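[1] Next comes the sequence, and after it the predicted model I'd like to discuss.
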Amino acid sequence: MEIKKPVENVLEETLKNLRTIIDVDCIVGDSISNGDTTIIPISKVSVGFVSGGGEYDSKKKKKIPYYPFAGGSGGGCNLTPIGFLVINKEKVEFIKITPENNIEKFIDIVDNFFKSIKK
């Protein structure tokens, strides 16, 4: 049986914990249906982590199979909505969300709102 190095254990534990945080539901959200139209939110997930460690020696030399180990890891993820997949009988369309698009969409929504009030 091969003995894992302590830094391998730290790295393995970090990856295992990241897998529990991030799953496919983070990227493809729950669908929202209204009649013939279904909307599915789509997001981008960015993940970063760092892991490391090292063995250190005590001042007295000991004859042991390994030296004491100090290690650690850290990580994080960022979830960014990028758009919506809109599915209806006529077509499938991806509506992208960008800062520029948001301003245009807001103006269109306000314009349509005022038009409906005039009617």
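    Alright, I've got the coordinates.

[2] okay, CA-based contacts and neighbour counts for the rest of this
    Will do.

[3] Just give the closest residue to Ser38, not the sequence neighbours.
    That one is not Ser; residue 38 is Thr. Using C-alpha to C-alpha, 6 or more residues apart in numbering and skipping the chain neighbours, the partner closest in space to Thr38 is Ile87 (5.1 Å).

[4] hmm, who's touching stretch 22-30?
    Applying C-alpha atoms under 8 Å, 6 or more residues apart in numbering, the contact partners of stretch 22-30 are Ile40, Pro41, Ile42, Ser43, Lys44, Val45, Leu79.

[5] could I get those as TSV with neighbour count and secondary structure?
    Formatted as TSV, the contacts of stretch 22-30 follow (neighbours: other C-alpha atoms under 10 Å; DSSP: H, G, I helix; E, B strand; the rest coil):
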residue	neighbour count	secondary structure
Ile40	17	strand
Pro41	20	strand
Ile42	23	strand
Ser43	18	strand
Lys44	14	strand
Val45	15	strand
Leu79	13	strand
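
[6] could I get those as CSV with pLDDT and distance to Lys96?
    Shown next, in CSV, are the contacts of stretch 22-30 (pLDDT from 0 to 100; distance: C-alpha to C-alpha, whole Å):
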residue, pLDDT, distance to Lys96
Ile40, 90, 12
Pro41, 89, 10
Ile42, 88, 9
Ser43, 88, 10
Lys44, 86, 12
Val45, 83, 16
Leu79, 82, 15
